[in-house]
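[1] Fold the following and give me the result.
(one chain, ligands or ions: 1)
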Amino acid sequence: MKKRGEKFAALTAYDVTSSQLCKEAQIPLVLVGDSASMVVFGFDTTLPINMEEMILLTRAVKRSNDLSFIVSDMPFMSYQASGAVALQNAGKLIKNGADAVKVEGGVEVCRSVSKMVASGIPVVGHLGLQPQSINVYGQYKVHGKTTKEAKQIINSAKKLEKAGVLMIVLECIPFELADHITNLINIPTVGIGSGSMCDGEIQVFHDIVGLNTKKLPKHSTRYLDGYGLLLKSIKKYQKEVKNRKFPAKKNSSFAKQKLVDFLKTNESS
Ligand code: KIV
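    The predicted structure is shown next:
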């Protein structure tokens, strides 16, 4: 698609419904993101989610989608310690349905990336804002605004490509820097908060369908008031049960006369 200049949309998915929707909408790339830590499990950051949880989500996403290329995030501390640790954990995600794994970081993860790729595991890189490093940076912000920072990101992109990643997510970097990197490397870039010049764009499922009730980041958009619509339906259900409107006759199954008679004769026992 990069070669053809064909832009593609990617989306996160975490369960059967979101994954099935991505399949039906023909989303070519689905990410089982560690953003599940926030949007599925209710934590404030991506740090608490663990391998077991990522495996379960990956299995559900894979089971309901045989069309999209499925990338699973390697959770915080599942790859940073060593290449051997990275390899072992990446293998678990692949065995459970991921087509590739994604790791955050630049030069510092290149050795582990090469090890995984050499062992047959496709790897996606992630540069710019790296949410797993929130405790180092203290805030979610645009990265690569200074020449020094931009040079580091460019260097990391080149090194990651050399190490064998199949694409790179560029999160929250300036438009011009994302454009520069996209032209510089031969593998696809997938932007989020990095302007429109990347080869693909990725967003978080809950943000675009309006299931996230928190303030959306500037780079996202709400195509539907999903939360509002669901709330309305659940309120209606609760009211109809209370008013004995639901379940109705059509939702019930009725006994044959013989059973009705038996129940009548045994009313007191
Ligand atoms: O976990 C996630 O949702 C991500 C995307 C923001 C790229 O890594």
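
[2] what about the helices in the protein?
    Taking DSSP state H to define them, one finds helices in the chain at 16-24, 36-39, 51-63, 83-95, 110-118, 134-137, 147-163, 175-184, 205-208, 226-242, 257-265.

[3] pLDDT of the last one, averaged?
    On average, the pLDDT along helix 257-265 is 96.

[4] show me the contacts for Glu104.
    Residues in contact with Glu104, defined by Cβ atoms under 8 Å, 6 or more residues apart in numbering, are His126, Gln130, Pro131, Gln132, Ser133. All C-beta spots, glycine's among them, are computed from the backbone N, C-alpha and C.

[5] I'd like the residues you listed as a markdown table, with distance to the ligand and neighbour count appended.
    Below are these laid out as a markdown table (distance: Cβ to the nearest ligand atom, whole Å; neighbours: other Cβ atoms under 10 Å):
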| residue | distance to the ligand | neighbour count |
| --- | --- | --- |
| His126 | 6 | 25 |
| Gln130 | 9 | 19 |
| Pro131 | 7 | 21 |
| Gln132 | 9 | 22 |
| Ser133 | 12 | 15 |
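
[6] per-domain residue ranges of this protein.
    Here the domain assignment for the chain is 8-224, 229-268, based on automatic domain parsing.

[7] among those domains, which is the most enclosed?
    Of all the domains of the chain, domain 8-224 has the most neighbours on average by mean count of other Cβ atoms under 10 Å, namely a mean of 19.

[8] hmm, back to that, same list as before, the domains of the chain that is, but in CSV and with distance to Met1 included.
    Below are those laid out as CSV (distance: least, Cβ to Cβ, whole Å):
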stretch, distance to Met1
domain 8-224, 5
domain 229-268, 33
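
[9] what's the nearest residue to the closest residue to the ligand within the chain if we skip its chain neighbours?
    Nearest residue of the chain to the ligand: Gly33, at 2.5 Å (Cβ to the nearest ligand atom). For Gly33, ignoring the flanking residues on the chain, the nearest one in space by Cβ to Cβ, 6 or more residues apart in numbering is Thr12 at 4.1 Å.

[10] Touching, Lys2 and Pro188? I think so.
    Yes. Counting by Cβ atoms under 8 Å, Lys2 touches Pro188, with 4.5 Å between them.

[11] which neighbours do those two share?
    Contact with both Lys2 and Pro188 is made by residues Asp199, according to Cβ under 8 Å, 6+ apart.

[12] ok so, going back, list the ones among the contacts of Glu104 that fall in strands.
    Per DSSP state E, strands hold the following members of the contacts of Glu104: His126.

[13] residues contacting Gly128?
    Counting by Cβ under 8 Å, 6+ apart, Gly128 makes contact with His143, Gly144, Ile153, Val169, Leu170, Glu171, Cys172, Ile173, Gly193, Ser194.
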